[in-house]
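Visitor: prediction below, plus the sequence it came from.
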There are 2 protein chains.
Amino acid sequence: MNPNDERFNDWAHRRKEQLERLNATLLYPRIIAGDRAALAEAITLIESKQPKHRSEANALISLCLPHSGKAWRIGITGVPGVGKSTFIEAIGSMLLAQGHRLAVMAIDPSSSISGGSILGDKTRMESLSMKETVFIRPSASGSTLGGVAQHTRESIILCEAAGYDVIIIETVGVGQSETVVHSMVDFFLLLMLSGAGDELQGIKRGIMEMADGILITKADQGNEAAAKKALRTYENALHLLQPKESGWTPRVAAISSIENTSLHLPITWWELFFQTMSENGFLAFKRKQQELQCFEDSLKDQIALFMEQNEQIRAQQTVLRNKITQGMLSPYEASNQLVTLLLKHGTL
Amino acid sequence: MNPNDERFNDWAHRRKEQLERLNATLLYPRIIAGDRAALAEAITLIESKQPKHRSEANALISLCLPHSGKAWRIGITGVPGVGKSTFIEAIGSMLLAQGHRLAVMAIDPSSSISGGSILGDKTRMESLSMKETVFIRPSASGSTLGGVAQHTRESIILCEAAGYDVIIIETVGVGQSETVVHSMVDFFLLLMLSGAGDELQGIKRGIMEMADGILITKADQGNEAAAKKALRTYENALHLLQPKESGWTPRVAAISSIENTSLHLPITWWELFFQTMSENGFLAFKRKQQELQCFEDSLKDQIALFMEQNEQIRAQQTVLRNKITQGMLSPYEASNQLVTLLLKHGTL
């Protein structure tokens, strides 16, 4: 484009206006009013790497925090092909019919490599995305899972401030992403296929322990027997686990998202779960624990990031690693030297 | 004691001399000469919490490092009652008869609470402890497992510099201690009882994966059948595991420490293991990896320790945690504030 071109000037002007709108004071009232476009812009703001945007994002989060916390925060995981999108589309319609406002986001560990996949396909969740009371956001991008997690946690706050009362965070069952999702939701739902008798194979250790509910998907006509068998298997498997701290007994059901079979069940679970856990105080307790854990984790992440990005420290780290592998320095003495440098460095 | 008492003056004089001897320049030549008393004093020095002792300890480790690395570093774990002490006593005698010099240390996660148990009982390993070519040290004390690990790693260096060519680190199979022992040894030996058919029960996940060898203990007369059954079970279980990075195939044997049955087997494993792994370079590679990992872990430990011990940071941390739980501050903004304070603080 020629900078002297009138169309370019128009475009540049609009772009400038757009970027200027990305500030906390202008975005905050629009978010509180439930403006979907403002919410999308705000999430773009928190995902920005520019220092100026980061400080505006921090200010915006601080403004929105008192308006947050009222939604059901639901995590959904399952292997690719288990039918997460179809399920979210179906259950989403039921939730909307009941008067809920729904936000759907994703944590996709592959997105930083492949350029995004979960919720990124426009053909998925098509009917949902047309609704005014639905906000759908593809996986946040970020160079680290910690960064993606931060963006998603902050997005939850923004969505809640914008009046969305059901937040679904979707992830695929690979890597560490389920643990990250589990650490930011109230209710963790595991979607499983009814397989050929080997239902318990392929579940990563610990995933089952995190589940508050398990849904056997694709219990469509003709597949009822396999679904029933899987149902029994998971019910038995859940019985073997330790009782949950919350006192909640994990539920299992077989559903068909296409035929709408038993789709009301997870909603009844959520209604019961959130009523019970609000009354007994566990919900508030769990969220506080999650936030304090997030504080601890973020401390470690930020210190590690500082050390990675600081050239002097990185150079010294290489020198020390070489000395260690050459047997010239003990690892303890080396870390001692580096910590001394780190703590000195802060005021340079 | 009366300070005017002549005996007190005598005692005070000796004590003063003793403490003054705890310096690197005096200890180093005695350690290199293989002086067992100097080794014991040096380990007392590295376990001391006094800053002056710590800097002497660092100097001593630096002097000894070039003389270290030549021993077999062997980790031994198993539940209480499996017969670790009896086994070490029996195999120790065989090693000494072959001309080896043996150092035995322990990492006992319970020692900081109970005041020490492993190797602390004088009636255990009685015949071994009488030998000139054996150095036995009870579990290092320390307020954290990380601290105990540091003392033990440094003790390994000192023992090697003093000419001990087999170092055994013993631990009980509870908590995180096996992982810590595994991270500082070359060969990890798991001792197991032949139980009533439920041999695989009660093994913590991941322990089996760490083992380079498994010994079924107490395969005494009358117990051969159970021992044989256990042997098969473990051989099958090991086949199901991923091959080791080293290429080493974990071995299983049933032994009787009392009747000296098959006790030569672990020694033949070690001879083969250390010969193969030295030749193919894996031993040197693994030790470097362990030391670099130790450097990373120690960095985190030291930063965490600094933050714990620094009053200003601790106070601010409490303030921030309160703000987080009151919903006034996001965990990310809180950690941001604390990291800023931390990095400023280094030069105060």
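Guide: Sure, I can see it.
Visitor: okay, CA-based contacts and neighbour counts for the rest of this
Guide: Noted.
Visitor: please tell me how far residue A:184 sits from chain B.
Guide: For residue A:184, the distance to chain B equals 12 Å [Cα to the nearest Cα, to the nearest Å].
Visitor: near chain B, which residues of the stretch 201-348 of chain A are found?
Guide: In this structure, the stretch 201-348 of chain A approaches chain B at residues A:288, A:291-292, A:294-296, A:298-299, A:302-303, A:321, A:324-325, A:327-336, A:338-340, A:342-347, judged by Cα under 8 Å from any Cα of the partner chain.
Visitor: now swap in the stretch 51-200 of chain A and tell me
Guide: For the stretch 51-200 of chain A, the contact set with chain B under Cα under 8 Å from any Cα comprises A:58, A:61-62, A:65-66, A:150.
Visitor: ok so, going back, among the residues of the stretch 201-348 of chain A next to chain B, which ones are buried?
Guide: Taking 16 or more other Cα atoms under 10 Å in any protein chain shown as the criterion, what is buried in those is A:288, A:291-292, A:294-296, A:298-299, A:302-303, A:321, A:324-325, A:327-336, A:338-339, A:342-346.
Visitor: so residue A:73, which state does it fall into?
Guide: strand (DSSP: H, G, I helix; E, B strand; the rest coil).
Visitor: give me the neighbour count for it.
Guide: With neighbours defined by other Cα atoms under 10 Å in any protein chain shown, the count for residue A:73 comes to 22.
Visitor: same question, residue A:254
Guide: Residues within reach of residue A:254, counting by other Cα under 10 Å, total 26.
Visitor: quick one, what contacts the nearest residue to it once chain neighbours are set aside?
Guide: The shortest distance from residue A:254 to any non-neighbouring residue, by Cα to Cα, 6 or more residues apart in numbering or on different chains, is to residue A:216 (4.4 Å). By Cα atoms under 8 Å, 6 or more residues apart in numbering or on different chains, the contact list for residue A:216 reads A:191-194, A:227, A:230-231, A:252-255.
Visitor: again, 7 Å this time
Guide: Neighbouring residues of residue A:216 by Cα atoms under 7 Å, 6 or more residues apart in numbering or on different chains: A:191-194, A:227, A:231, A:253-255.
Visitor: need those residues in TSV (columns: distance to residue B:95 and secondary structure).
Guide: Formatted as TSV, the contacts of residue A:216 follow (distance: Cα to Cα, whole Å; DSSP: H, G, I helix; E, B strand; the rest coil):
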residue	distance to residue B:95	secondary structure
A:191	56	strand
A:192	55	strand
A:193	56	strand
A:194	56	coil
A:227	60	helix
A:231	57	helix
A:253	61	strand
A:254	62	strand
A:255	64	coil
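Visitor: for these, give me CSV that also has pLDDT and distance to residue A:274.
Guide: Formatted as CSV, these follow (pLDDT from 0 to 100; distance: Cα to Cα, whole Å):
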residue, pLDDT, distance to residue A:274
A:191, 91, 20
A:192, 88, 23
A:193, 85, 26
A:194, 80, 28
A:227, 87, 27
A:231, 89, 24
A:253, 94, 19
A:254, 93, 22
A:255, 93, 22
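Visitor: put the alpha carbons of stretch A:213-226 into CSV.
Guide: Presented in CSV, the C-alpha positions along stretch A:213-226 are these (Å, rounded to 0.1, in the frame of the first residue of the first chain):
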residue,chain,number,x,y,z
GLY,A,213,-18.0,-36.2,36.1
ILE,A,214,-17.4,-38.6,33.2
LEU,A,215,-19.5,-38.7,30.1
ILE,A,216,-19.4,-41.7,27.7
THR,A,217,-20.0,-40.0,24.3
LYS,A,218,-21.6,-41.3,21.2
ALA,A,219,-24.0,-43.6,23.0
ASP,A,220,-26.0,-43.4,19.8
GLN,A,221,-28.5,-46.0,18.5
GLY,A,222,-26.8,-49.2,17.9
ASN,A,223,-24.0,-48.4,20.3
GLU,A,224,-26.0,-48.7,23.5
ALA,A,225,-24.4,-52.0,24.6
ALA,A,226,-20.8,-50.7,24.4
